[in-house]
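mind folding the following:
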Amino acid sequence: MRLQNRIKLLRPILFVTIFLLFGSRQQLKAQATFQGAEFGFRYGSSPALSYRLWIHEQTGYELLFTKADKSLLFSAFWLIQRPLDFSGGYLHYGVGGSIGARNGRQQTALDGQLGLDYYLPVVPLNVSFNLRPWFVITGGVEVQAELALSARWVF
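A predicted model of the protein is given here:
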């Protein structure tokens, strides 16, 4: 199956996810536990759009949309963050999965994430550095990892 056909198959999933994401954000906004959202870019071997929604002070989720040469991936993570000893610093870790095409091959994978976050005190900006290992479970078993730097606007 060509990459363009795979993209057409993934579009409905992406639209439903975005609809549910923004719908749940509006619902969570009314609750006292809502902490905020972040949107930005992730720079690594596969650049991605990143959206995080914190539903509690220390728990939330992140969605990544990656489009590179022959790759189109959608990833979702459940994240936990813990404060560090300096103001604005956090450690985050989480698990999730990804679906899509990488290098022209269909891929489904189990993903992990471990990183450091820093929230700038004056500007509503989050900068993070993280490690993202993944374990491909379709089309042959494969384990890979990526280091990335992210910058997200906090709103």
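
CA atoms for contacts and neighbours, from now on please.
Fine.

and the strands in this structure?
36-43, 48-54, 59-68, 71-83, 89-102, 105-119, 125-136, 142-154 (DSSP state E).

return the most buried member of the ones you listed.
strand 48-54 (a mean of 22; mean count of other Cα atoms under 10 Å).

which outside residues touch that one?
When contacts are defined by Cα atoms under 8 Å, 6 or more residues apart in numbering, strand 48-54 is touched by residues 25, 34-42, 60-67, 152.

on that earlier part again, can you list the strands of the chain in JSON lines and add mean pLDDT?
Conversion of the strands of the chain to JSON lines gives the following (pLDDT from 0 to 100):
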{"stretch": "strand 36-43", "mean pLDDT": "94"}
{"stretch": "strand 48-54", "mean pLDDT": "95"}
{"stretch": "strand 59-68", "mean pLDDT": "92"}
{"stretch": "strand 71-83", "mean pLDDT": "93"}
{"stretch": "strand 89-102", "mean pLDDT": "92"}
{"stretch": "strand 105-119", "mean pLDDT": "93"}
{"stretch": "strand 125-136", "mean pLDDT": "94"}
{"stretch": "strand 142-154", "mean pLDDT": "93"}
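
pretty sure Q144 sits against P133.
Yes - applying Cα atoms under 8 Å, one finds Q144 in contact with P133, separated by 5.7 Å.

which residues do these two both contact?
Common contact partners of Q144 and P133 (Cα under 8 Å, 6+ apart): none.

distance of the closest residue to S128 other than its chain neighbours relative to I80?
Take S128 and drop its neighbours on the chain: the residue closest to it by Cα to Cα, 6 or more residues apart in numbering is D117, 4.2 Å away. D117 is 12 Å from I80, where distance means Cα to Cα, to the nearest Å.

shared neighbours of those two, anything?
Residues touching both D117 and I80 (Cα under 8 Å, 6+ apart) are H92.

contacting residues for W134?
Per Cα under 8 Å, 6+ apart, neighbours of W134: A109, L110, D111, G112, V143, Q144, A145.
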